[in-house]
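**Student:** build me a model:
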Amino acid sequence: MFGIPGKQAVSMTPAASKQIAKLMTRDNHQGLRIGVKKGGCAGMEYTMDYVTEVDPHDEVVEQDGARVMIAPMAQMFLFGTEIDYEVSLLESGFKFRNPNVTDACGCGESIKFDEALGKTA
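**Tutor:** Prediction:
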């Protein structure tokens, strides 16, 4: 596990936990796995996938009936992130408020992290 002992890597707003719990119930999944991958105009993108089986290496965050798993390679990039679910006139979806992001592109789908964050000793 990456981060501070006793502190969850990510948090969820009530709207996000409600939406995730709703998806879990409707589709009978174990939760959502969140990760990051190379791509997009800023260099990295978030990934979200339904989970039918929890990987023992994932960090599991549970809140108000919602379960989010964080892929091992993404834990250092996502530590301190708040996940929200927003509904507007034109779109609805999950939003990530991530203190580790140093830049984002105009589309809002691609992010950049401090290069030192991805290096391991």
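
**Student:** ends of stretch 50-64, how far apart?
**Tutor:** With C-alpha to C-alpha, to the nearest Å as the measure, stretch 50-64 spans 18 Å from end to end.

**Student:** quick one: buried residues of that stretch?
**Tutor:** 51, 58-61, 63 (16 or more other C-beta atoms under 10 Å). The way it works is simple: take the backbone N, C-alpha and C, and place the C-beta from them, glycine included.

**Student:** mind listing which of these are in strands?
**Tutor:** Of the buried residues of stretch 50-64, the ones assigned to strands by DSSP state E are 51, 59-61, 63.

**Student:** mind listing the helices for this structure?
**Tutor:** Remark: helices assigned in the chain by DSSP state H are 14-27, 75-78.

**Student:** where among those is the average confidence lowest?
**Tutor:** With a mean of 86, helix 75-78 has the lowest mean pLDDT of these.

**Student:** that helix - contacts with which helices or strands?
**Tutor:** Here helix 75-78 touches strand 31-38, going by 3 or more C-beta pairs under 8 Å, 6 or more residues apart in numbering; DSSP states H and E.
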